[in-house]
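Student: quick one: sequence plus predicted model below, questions after.
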Amino acid sequence: MTDRTTTPAPLAPGSVIGIMGGGQLGRMAAIAAARMGYKVHVYAPEAESPAAEVADAWTRAAWDDAAALDAFAAAVDVVTFEFENVPAASVAGLAAKRPVRPAWTVLETTQDRLSEKDFVNRLGIGTAPYARVDDVDGLVAAIERLGRPAILKTRTLGYDGKGQARIAAEGDIRAAAEAAFATIGSRPAILEGMVDFGCEISVIVARTPAGEVRCFEPAENEHRNGILHLSRVPARVPAAIAAEAERIALALAEAFGLEGLLAVEMFVTRDGRVLVNEMAPRPHNSGHWSFDAAATSQFEQFIRAVADLPLGDPARLVDAEMENLLGDDIDRWRDILAEPRAKLHLYGKSEAKPGRKMGHVTRLGTARSNS
Ligand SMILES: Nc1ncnc2c1ncn2[C@@H]1O[C@H](COP(=O)(O)OP(=O)(O)O)[C@@H](O)[C@H]1O
Ligand SMILES: [Mg+2]
């Protein structure tokens, strides 16, 4: 495999950015790319694609369709992702023909909760205590080692709280282990000790192939049923915690040799430590506030990083709160539009299934003074 990811060459406007994945993250990235004069070609297998609706071209094909991947590579100038569970072999094939940003190694590490946590800990950055689990016996041993309450998570393919089972503090250990392992589909997993956090925050960092790095300030995130409900900037944490969170995100971006965006979800413990929960090498739901409230949005920054352009200023211009619109929440669109400082974003999805991300609203606060 020829690795061309390090070839430094800013991509000129008019070039084609290939995005693997067809969801709302790709949609908002495509909108940012179009504004900057780029063409976007989406690769996504689903029948409906929020990203393809606003892109210049769409390859609708399976993730492992070799002929479709070849044609896609031939049609684009650079490849990136808004979905990180693309098969390794498909990415390797693309990387032989075009720069792929971020590199496959970043996706590989972050796809698997075990390799992800190992990577973070090797850098001396903390996470929840964790143990590898392959079967019920292993889970019983892990519960005895880490204690309860704890949380069992599939190593791969989990999102929005899916593929997780909580293990309560009380009750028979073996019965709890059997039930939890069955709940996640008896798949390779990790057990995590429950973190007693004061709040959750996330930092999105951008790094270009040329090595320029910039962080968005931490957002404070509230989850409901394992799904992000609200992100608030500024986060209500002391300046030292915010600085530590940014230091961690920068260290991770450098360790990966990142080319693109990395979102880092973190726990702030009640005793003032910052632990990494998980990472995503792409734009992130907790950065949607930046579309309306920052000098440069995460989506513009994403395009800049992937195209090897100078990064923009990620500074927040106004305080903001982003609320996700899940399922039937979308029915509130008329009321939201009537709010004077609310920015409504809908993703064009036809079916409002419960828990499905249909859109979001960012409510702008007071303008930041220059003093
Ligand atoms: N070890 C933990 N301790 C406490 N809360 C947790 C832990 N792991 C996950 N959670 C809660 O569940 C949410 C979703 O878990 P996460 O690992 O981020 O999975 P997903 O990939 O579904 O977002 C977290 O944002 C947090 O609120
Ligand atoms: Mg998460």
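Tutor: On my side now, so go ahead. Ligands and ions are numbered 1, 2, ... in the order given.

Student: which parts of this protein sit against ligand 1?
Tutor: With CB under 6 Å from any ligand atom as the criterion, the chain comes near ligand 1 at residues 128, 151, 153, 158-161, 192, 194-195, 200, 223, 226, 265, 277-278. Just so you know, the C-beta spots here come from the backbone N, C-alpha and C atoms, and that holds for glycine as well.

Student: out of the residues you listed, which are buried?
Tutor: A128, I151, K153, G158, D160, E192, M194, V195, E200, E265, N277, E278 (16 or more other CB atoms under 10 Å).

Student: with adjacent residues omitted, what lies nearest to the third one?
Tutor: Of all residues not flanking K153 in the chain, Q164 sits nearest, at 4.9 Å (CB to CB, 6 or more residues apart in numbering).

Student: what sits against that neighbour?
Tutor: Contacts of Q164 were listed using CB atoms under 8 Å, 6 or more residues apart in numbering, and they are I151, L152, K153, T154, G158, I184, G226.

Student: so which of those residues belong to strands?
Tutor: With DSSP state E as the criterion, strands contain I151, L152, K153, T154 from among the contacts of Q164.

Student: of those, which is the nearest to ligand 1?
Tutor: Ligand 1 lies nearest to I151 out of the ones in strands among the contacts of Q164, by CB to the nearest ligand atom, at 5.0 Å.

Student: can I assume that closest one is in contact with I190?
Tutor: No. Taking contacts as CB atoms under 8 Å, I151 lies outside contact range of I190: 9.2 Å.

Student: any idea which of the buried ones among the residues of the chain next to ligand 1 is closest to I19?
Tutor: When those are compared for distance to I19 (CB to CB), D160 wins out at 20.5 Å.

Student: for the closest one, what are its contacts?
Tutor: Applying CB under 8 Å, 6+ apart, we find D160 in contact with G226, I227, L228, G355, K357.

Student: now with 7 Å?
Tutor: Counting by CB atoms under 7 Å, 6 or more residues apart in numbering, D160 touches G226, I227, G355.

Student: list the contacts of the helix of greatest length in the chain.
Tutor: Secondary structure of the chain per DSSP state H: the longest helix is helix 239-256. Taking contacts as CB under 7 Å, 6+ apart, the residues outside helix 239-256 that touch it are 106, 123, 125, 201, 203, 205, 207, 213, 215, 217-218, 235, 262, 264, 266, 268, 272, 274, 276, 279.

Student: alpha carbons only: can I get that helix in CSV?
Tutor: What follows is the C-alpha trace of helix 239-256 in CSV, where atoms were taken according to Å, rounded to 0.1, in the frame of the first residue of the first chain:
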residue,chain,number,x,y,z
ALA,A,239,-10.2,27.6,33.9
ALA,A,240,-7.6,25.0,35.0
ILE,A,241,-10.0,22.2,34.0
ALA,A,242,-10.6,23.7,30.6
ALA,A,243,-6.9,24.1,30.1
GLU,A,244,-6.2,20.5,31.1
ALA,A,245,-9.0,19.3,28.7
GLU,A,246,-7.4,21.2,25.9
ARG,A,247,-3.9,19.9,26.8
ILE,A,248,-5.2,16.3,26.6
ALA,A,249,-6.9,16.9,23.2
LEU,A,250,-3.7,18.4,21.8
ALA,A,251,-1.6,15.6,23.1
LEU,A,252,-3.9,13.0,21.5
ALA,A,253,-3.9,14.8,18.2
GLU,A,254,-0.1,14.9,18.2
ALA,A,255,0.2,11.3,19.2
PHE,A,256,-2.0,10.3,16.3
